[in-house]
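Trainee: Here is a sequence together with a model predicted from it:
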Amino acid sequence: MDYIMNPAFLTDFLSSSLRLSIPLIFAAIGVVWSERCGVFNIAIEGCILGGAFGAAIGTWWFGDPLGGLLMALVIASLLGLLLGGLAVGLGINQLVAGIAINLLVGGMTAYLARQIMGNDATAPLPGFAVMPIPLLSDIPIVGPVLFSQGPLAYLAYVIVPLGWMLLYRTPWGLLVRAAGDQPMAVDTAGVNVQRLRFLSVLGSCMLGGLGGAYIVLSQVHVFTEHMSAGKGFIALGAVILGRWNPLGAAIACLAFGMADATQLRLQFGSPEIPYQLFSTLPFIAALAALVLFSGKVHAPAAVGRKFERSGK
C-alpha cells in the first residue's frame, strides 16, 4: 500500500484521472445548459463521437489540430441544429430524437471514416502539445497534474466557473433557468422561449463536440469506431449527481474520471482477469451514485416538455 502514497504514483494517477474527466466535463456543462433550458440532450453521446470524428477528419485534411478543432465544432453544431429542429422546432419527443441522433452518428462516422481517410484511418494524427505553465507546473504533485496540460484542458478550467457565473449571476442565466422551470413566465416577459431553447441546444452540442475533440487531439490522436464509449451517458449521470449545477457536475465528472483511471490500472495490474470486467467500473460507479442519491435531486420542472404558447 505504500506505493499509493508515492508522489510519482499520485501524480500519474491524478493526471490520468483529470485527462479522462475532461471530455466528461465539456459534455456535462453542455447538458446542464440544455436541460436547464428545458431540453433533454440524450444526443450528447453522439455529439462527443461527432466531435471526435470531426477532429480527426479536420486534422487529417489540414494537417493541423486547429483545423481539427474547427471541424469538430462544425459537425457538433450541425448535430445541434438537427436536435434543435427535431426536439424544439417540431416538438418530437426529446428522448427519442436524442437516441435517433446517437444511432445515426454511430453508423455515419464508422462509414465515413473509412471512405474519407481510407488506409490513413488508423494512422496517428498530430495533436495539441502539452503547455506547462511556468512556475505553477513546478509545484509538487499539483503542478504536473493541473498545470502541465494542453490548451483544451485549460479551456475546460475556464468553462466550468464561466458556466456557473453565466447561469447564476447574469440576466441571461436567469432566463435560461426560467425557461426550464416556468417557460410561460419567460414568454410573458416577451422572450422567445423556442429561440432560447434552440440556441441552448446548439451550444450544448458544441460543448459535447469539444469533448470529442479533446479525446482525439489530446489523448489518443486517432479516430476509432464508437470511441465515445458511453462517455455521454456518464456525463448525463454526472449532471444529475451535480444537481444541474456546473460546479457540481464537474466534481462528479472528476470522480468518474478517477474511477476510469482506477479500472485502467486494474487492467494492467491483473492481466489474468478479463479486461471487460474492469471496464465496467465507471458505469457501475455512475449507477451506484445515482441509486444512492435517488429521490434527493430534482430536474428542472419543464425539462422534456414541448412548449406551446397559450392560445395556440
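Mentor: In hand now; what should we look at?
Trainee: Quick one: mean pLDDT over stretch 167-175.
Mentor: Mean per-residue pLDDT for stretch 167-175: 94.
Trainee: meant to ask about stretch 271-287
Mentor: Averaged across stretch 271-287, pLDDT comes to 73.
Trainee: and if you look at stretch 250-264?
Mentor: Across stretch 250-264, pLDDT averages out at 89.
Trainee: can you list contacts of it?
Mentor: Stretch 250-264 is contacted from outside by 13, 16-22, 24-25, 28-29, 160, 234-235, 237-239, 241-242, 278-282, 285-286, 289, using C-beta atoms under 8 Å, 6 or more residues apart in numbering. C-betas here are computed from N, CA, C, even on glycine.
Trainee: Would you map the helices across the stretch 101-250 of the chain?
Mentor: With DSSP state H, counting those that start in this stretch, the ranges of helices along the stretch 101-250 of the chain come out as 142-146, 151-169, 171-181, 183-188, 193-214, 231-241, 246-269.
Trainee: Output the ones you listed as CSV; include the columns mean neighbour count and distance to Asp64.
Mentor: Conversion of the helices of the stretch 101-250 of the chain to CSV gives the following (neighbours: other C-beta atoms under 10 Å; distance: least, C-beta to C-beta, whole Å):
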stretch, mean neighbour count, distance to Asp64
helix 142-146, 17, 26
helix 151-169, 17, 13
helix 171-181, 18, 34
helix 183-188, 18, 42
helix 193-214, 26, 13
helix 231-241, 26, 25
helix 246-269, 20, 28
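Trainee: hang on, the earlier thing: what about burial for the contacts of stretch 250-264, which qualify?
Mentor: 13, 16-22, 24-25, 28-29, 160, 234-235, 237-239, 241-242, 278-279, 281-282, 285-286, 289 (16 or more other C-beta atoms under 10 Å).
Trainee: pLDDT at Lys312, what is it?
Mentor: Reported pLDDT for Lys312: 48.
Trainee: now swap in Ser21 and tell me
Mentor: The model's pLDDT for Ser21 equals 95.
Trainee: tell me which element it is part of?
Mentor: helix 7-36 (DSSP states H and E).
Trainee: what mean pLDDT would you report for the helix or strand that that helix is followed by?
Mentor: Next in sequence after helix 7-36, counting helices and strands by DSSP H and E, comes helix 44-62. Helix 44-62 shows a mean pLDDT of 95.
Trainee: Settle this for me: Pro144 is touching Thr11, isn't it.
Mentor: Yes: applying C-beta atoms under 8 Å, one finds Pro144 in contact with Thr11, separated by 5.1 Å.
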